[in-house]
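Engineer: predicted coordinates and the sequence they were generated for:
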Amino acid sequence: MILRLFRGHDPATILIILLTGAAVWLNSLMEPGHIMIVPECEPMPLYSLMITLLEGSPGLSVTAALILVFITGALLVNFNTRVFFINERTFLPASLFVLMSGLFPSLQGFNPVLPAAILLLFALERVMGSYRRQGVAYNFFDASLLIGLASFIWFSSIWFFVVVVAGIALLRTASMREFFLALSGLVAPYIIAAAVFYLMDGNIIALLDVVEENFKAEAPRYIWSTQGIVIASVIGLLLIVSILHLLAVFNTKKVKSRKTFSLMIWTFVTAVLVFILLPSVSAEIYWVMLLPVVYFLTHFLVIRREKRTANILFAVIVISVIGMQIFQEIIT
């Protein structure tokens, strides 16, 4: 029953999603001022501009972050509507994204990953737009350009160029031309920024210093409580089950759906590797990880024939979010 409320596609479901977002962000909205999970270094240029606009207003910062969460949820639904790889028109991806935004209360503040995740989602949509396109697909240039722009907000976005390359391999016949086209899209924002820096003060080195600093910086670590580990383990187990279930039925899906889910798997694996390997990345990458995760969970909950089981599993997610709201985590 509870799952039916969140998986619909009518105005009532939209209202439920909005109320859910307000509920899981209530503490942050009432007591703003969370520590930002970002490298302690000079921010990338676009994020620096955003910080300037929000400076001195913790309440506005949290509100802006929540609005970005709602926007991302809407875009997740739109992506499935356009590509239609889950085979059901549902608002469940938005419901899960907004609901699971409450799993890490300490991340409920404005941070560079939120706007970067939106650009990454647009990039994924552009990659899938190349499916069965005749001739050279300029979609990969667009996707890489979006990732390049995202890296001007959150530098580690640049590593998701791997997903664009994976998209070329998945969706197109081998074409070095499209690879170099994608690569040119990635570097285009940096060429333009270098020109702007040069025209403004002639100091291109300043841009390179910011990039180097963001690459080498060490992000604050996330310290877990025992309760947090237990709750995260439960969600992790559900995620593993959903991925294994997807792989079990993978070959029964249409070609476009298989390729879309493959792209999501690449996105998730890239995010995990970036988190593990780069000291400049910490818990804030959760917002990017959540993009493919909500699709894995949505697919699992929607395709389950045993509705009672699906409702129980969704209820576990809800209870986990409530638990994390109670046992607030510590950032250091």
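Structural biologist: That came in fine, so what should we check first? Treat the numbers as computed from the prediction; the structure is a model and nothing was measured. Numbering: from 1, shown residues only.

Engineer: could you measure from Asp10 over to Gly102?
Structural biologist: 23 Å (CB to CB, to the nearest Å). Bear in mind the C-beta positions are built from the backbone N, C-alpha and C, glycine included.

Engineer: kindly apply the preceding question to Asn214 instead.
Structural biologist: Relative to Gly102, and taking CB to CB, Asn214 is found at 28 Å.

Engineer: contacting residues for Thr260?
Structural biologist: Val83, Phe85, Met128 (CB atoms under 8 Å, 6 or more residues apart in numbering).

Engineer: any idea which element the residue nearest the centre of the chain lies in?
Structural biologist: Residue closest to the mean C-alpha point of the chain, counted by CA atoms, centre = their mean, is Val288 at 2.5 Å. Assigned by DSSP states H and E, Val288 belongs to helix 286-303.

Engineer: now for that helix, which elements pack on it?
Structural biologist: helix 2-7, helix 58-83, helix 92-100, helix 113-128, helix 226-248, helix 255-277, helix 307-326 (3 or more CB pairs under 8 Å, 6 or more residues apart in numbering; DSSP states H and E).

Engineer: that helix: which residues count as buried?
Structural biologist: 286-302 (16 or more other CB atoms under 10 Å).

Engineer: coming back round to it: of Asp10 and Gly102, who's got more company?
Structural biologist: Taking Asp10 and Gly102 together and counting by other CB atoms under 10 Å, Gly102 has the greater number of neighbours (24 against 9).

Engineer: what's the separation between Ile303 and Lys254?
Structural biologist: For Ile303, the distance to Lys254 - CB to CB - is 14 Å.

Engineer: Ile17 too?
Structural biologist: Remark: distance between Ile17 and Lys254 (CB to CB) = 28 Å.

Engineer: and Leu66, by the same measure?
Structural biologist: Taking CB to CB, one finds Leu66 at 36 Å from Lys254.

Engineer: more neighbours: which of those two?
Structural biologist: Neighbour comparison, Leu66 and Lys254: the larger count goes to Leu66, with 22 against 11 (by other CB under 10 Å).

Engineer: give me the pLDDT for that one.
Structural biologist: Note for Leu66: predicted pLDDT of 95.

Engineer: dump the residue contacts of it.
Structural biologist: By CB under 8 Å, 6+ apart, the residues touching Leu66 are Gly21, Trp25, Ser28, Leu29, Gln108.

Engineer: let me have the residues you listed in JSON lines, extended by pLDDT.
Structural biologist: JSON lines is the format used below for these (pLDDT from 0 to 100):
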{"residue": "Gly21", "pLDDT": "96"}
{"residue": "Trp25", "pLDDT": "94"}
{"residue": "Ser28", "pLDDT": "88"}
{"residue": "Leu29", "pLDDT": "88"}
{"residue": "Gln108", "pLDDT": "89"}
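
Engineer: which among those gets closest to Glu218?
Structural biologist: Nearest to Glu218 among those: Gln108, at 22.8 Å, using CB to CB.
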